[in-house]
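Enquirer: Give me a model of this one.
(one chain, ligands or ions: 2)
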Amino acid sequence: IVRPFSEIPGLWKNGVANLYNFWKLDGFRNLHRIMLQNFNTFGPIYREKIGYYESVNIINPEDAAILFKAEGHYPKRLKVEAWTSYRDYRNRKYGVLLKNGEDWRSNRVILNKEVICPKVLENFVPLLEEVGEDFVARIHKKIQRSGQNKWTTDLSQELFKYALESVSSVLYGERLGLMLDYIDPEAQHFIDCITVMFKTTSPMLYIPPGLLRQIGAKVWRDHVEAWDGIFNQADRCIHNIYRQLRQETGTSNKYPGVLASLLMLDKLSIEDIKASITELMAGGVDTTSITLQWTLYELARHPSLQEELRAEVAAARAESQGDMLEMLKRIPLVKGALKETLRLHPVAVSLQRYIAEDIIIQNYHIPAGTLVQLGLYAMGRDPKVFFRPEQYQPSRWLRTETHYFRSLGFGFGPRQCLGRRIAEAEMQIFLIHMLENFRVEKQRHVEVQSTFELILLPDKPIILTLKPL
Ligand code: HEM
Ligand code: 2DC
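Expert: Ligands and ions are numbered 1, 2, ... in the order given. So this is what the prediction gives:
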């Protein structure tokens, strides 16, 4: 017998009281741990209301499958009101990240062909390979300058620059020059704005931005300033390409980048293109760089695994005579390492959908229109889902262990991460170059955990030592 929605366990009756308790637990930065704890208290399904944010939370892969089967033709995530409010406030168009319904679908279908379809990979790989080589050269230089034949540092800033350089080279078909000694202060400002934008978003998940705006709250003002910085920089890059394209006479056969391809295709309005390119540029920095940072951290903690990966890369290099596209087909363990990183350190604490039809999960009835969240962080650490979840074991992704709805770091289905192919290629190429050039070590006795700033970030600086091989 199916139990009614109202009987789902959890705290959902008093949103304001729950928000107060959440705030006392420093929930704005602990969301992932609070979710984990809620699953321990209530079991594999619970209902919750914090402030004005109401959801049903699930953790099992089998339940995730039910959720995604009910996402409908126009899958819809939690509406991040801080982001839509900014655009409404400044009169800017929503891109694919924030659109919904038919408007989302028609834009997404066109973007898919230029950004995520497998055949564009051959255009991206040479561009990303060049950035990877420049990154390695930059690190060698830093090591030389240190005079110690090694470099010990927090790599975050370097990785932000690597990620921005990579995504820009793919979007614009040209380099920003962030691997050089002197970098454009505007680019650095862009990077800083993204961090602030994410950080200021999380309180506004629970307190409506409209209200915060009315009372002139600092968090809203900082958020607006951050998006302004992001849009200004993206506008500059976009205008630059637009102008070049109009002046261009002869046709070169060099890949011109995603933006120019979209402009020439002429299927989306210029305003729609600008909106989505801006989102791609902003979404392409912290996500991959943090994931790479966590991966280097795990490789530093597991030296013999690091050697195994190095051997795989060396063999792949030999077999493919250095053809990077071929190499990427021969590094299953490197790919497993990235999946393993996203299992233990996902960028997104949860995946969510407003379900399009009624469903039954854990024998509870859930009506259409409900916001259902899959606790991705909690699932990745659940011993019922992953054997010895605390162990970083890339090889688990090679074995016959079931992978059914377990590898969801980029989301699922037609609404999954649009930047997925770029992110995967960028991260794989980065690891190939790093493994071929440096041994990565870390200080002993420093345990790094996650903190929630809309995306999950390391809670303290990760200090690594790079030594040339
Ligand atoms: C959406 C994760 C990198 C752009 C998403 C979603 C996740 C995600 C979980 C939501 C998917 C869903 O609801 O099913 C990641 C991870 C990354 C990464 C783990 C890297 C390790 C990137 C990059 C870009 C990007 C590099 C841009 C180049 C986007 C966009 C969306 C999105 C535009 C919204 C797509 C839509 O609504 O149709 N990402 N992402 N992401 N991501 Fe990523
Ligand atoms: C944050 O409870 C926690 O990929 C909330 O590249 C639910 C939620 C909703 C949407 C998620 C967000 C979480 C985490 C960050 C995500 C975002 C959708 C897209 C975004 C996962 C899980 C991200 C990082 C995009 C960002 C694009 C950029 C232009 C802001």
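Enquirer: List the buried residues in stretch 439-446.
Expert: Going by neighbour count (16 or more other C-beta atoms under 10 Å), the buried part of stretch 439-446 is 439-442. From N, CA and C alone the C-beta is placed, and that goes for glycine too.
Enquirer: Output the residues you listed in TSV, with pLDDT, secondary structure and distance to Leu292 appended to each entry.
Expert: What follows is the buried residues of stretch 439-446, written out as TSV (pLDDT from 0 to 100; DSSP: H, G, I helix; E, B strand; the rest coil; distance: C-beta to C-beta, whole Å):
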residue	pLDDT	secondary structure	distance to Leu292
Arg439	98	strand	16
Val440	98	strand	11
Glu441	97	strand	16
Lys442	94	strand	15
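Enquirer: Distance of the residue in the stretch 1-150 of the chain positioned nearest to ligand 2 relative to Val347?
Expert: Minimum separation of the stretch 1-150 of the chain from ligand 2 (C-beta to the nearest ligand atom) falls at Leu78, amounting to 4.4 Å. Distance check for Leu78 against Val347: by C-beta to C-beta, to the nearest Å, it reads 15 Å.
Enquirer: One more: Thr400?
Expert: Thr400 is 27 Å from Val347, where distance means C-beta to C-beta.
Enquirer: who's more crowded, these two?
Expert: When Thr400 is set against Val347 and neighbours are counted by other C-beta atoms under 10 Å, the residue ahead is Val347, at 23 against 5.
Enquirer: Show me what from the chain comes close to ligand 1.
Expert: 77, 96-97, 108, 167, 279-280, 283-284, 287-288, 291, 342, 347-348, 351, 409-412, 415-419, 422-423 (C-beta under 6 Å from any ligand atom).
Enquirer: Now, those that are in helices?
Expert: Counting by DSSP state H, these place 108, 167, 279-280, 283, 287-288, 291, 342, 422-423 in helices.
Enquirer: what sits opposite the nearest residue in space to the residue of the stretch 1-150 of the chain closest to ligand 2 that is not next to it in sequence in the beta ladder?
Expert: Leaving aside its chain neighbours, Leu78 sits nearest to Gln352 (4.5 Å; criterion: C-beta to C-beta, 6 or more residues apart in numbering). Residues in a beta bridge with Gln352, per DSSP bridges, are Gln373.
Enquirer: what about the strands in the stretch 201-350 of the chain?
Expert: Along the stretch 201-350 of the chain, the segments classed as strands by DSSP state E, counting those that start in this stretch run 350-354.
Enquirer: Can you name the residues of it that neighbour ligand 2?
Expert: By the criterion of C-beta under 6 Å from any ligand atom, the positions of the stretch 201-350 of the chain lying close to ligand 2 are 205, 279, 282-283, 287, 347-350.
Enquirer: ok, Glu271 - contacts?
Expert: The contact partners of Glu271, taken as C-beta atoms under 8 Å, 6 or more residues apart in numbering, are Lys93.
Enquirer: ok, now how distant is it from Glu174?
Expert: As defined by C-beta to C-beta, Glu271 lies at a distance of 23 Å from Glu174.
Enquirer: Also Arg236?
Expert: 13 Å.
Enquirer: can you check Leu292 too?
Expert: The gap separating Leu292 from Glu174 is 23 Å, by C-beta to C-beta.
Enquirer: so where's this protein uncertain?
Expert: Applying pLDDT under 70 to the chain flags the ranges 249-250.
Enquirer: top helix in it by residue count?
Expert: Ranked by residue count and defined by DSSP H, the top helix of the chain is helix 218-247.
Enquirer: can you pull the buried residues of that helix?
Expert: Residues of helix 218-247 classed as buried: 219-220, 223-224, 226-227, 229-231, 233-234, 237-238, 241-242 (neighbour count, 16+ other C-beta under 10 Å).
Enquirer: hmm, back to that, and the residue of the stretch 1-150 of the chain closest to ligand 2, how many residues sit next to it?
Expert: For Leu78, which is what you asked about, the neighbour count (other C-beta under 10 Å) is 15.
Enquirer: cool, and Arg29?
Expert: With other C-beta under 10 Å as criterion, Arg29 counts 17.
Enquirer: re the thing from before, so which of the residues of the stretch 201-350 of the chain next to ligand 2 wins on neighbours?
Expert: Of all those, Ala282 has the most neighbours under the rule other C-beta under 10 Å, reaching 25 neighbours.
Enquirer: show me what contacts that one?
Expert: For Ala282, the contacting residues are 194, 197, 230, 234, by C-beta under 8 Å, 6+ apart.
Enquirer: Tell me which two of the residues you listed sit farthest apart.
Expert: Checked with C-beta to C-beta, the contacts of Ala282 reach their widest spread between Met197 and Ala234, with 12.3 Å between them.
Enquirer: So between Leu292 and Glu174, which is more surrounded?
Expert: When Leu292 is set against Glu174 and neighbours are counted by other C-beta under 10 Å, the residue ahead is Leu292, at 23 against 16.
Enquirer: Okay, strands next: where are they in the stretch 351-469 of the chain?
Expert: With DSSP E, counting those that start in this stretch as the criterion, the stretch 351-469 of the chain has strands at 359-361, 364-366, 371-375, 438-442, 450-453, 455-458, 463-468.
Enquirer: Put together a markdown table for those strands, with distance to Val136 on each row.
Expert: Listed next are those as a markdown table, based on distance: least, C-beta to C-beta, whole Å:
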| stretch | distance to Val136 |
| --- | --- |
| strand 359-361 | 47 |
| strand 364-366 | 50 |
| strand 371-375 | 37 |
| strand 438-442 | 8 |
| strand 450-453 | 28 |
| strand 455-458 | 23 |
| strand 463-468 | 10 |
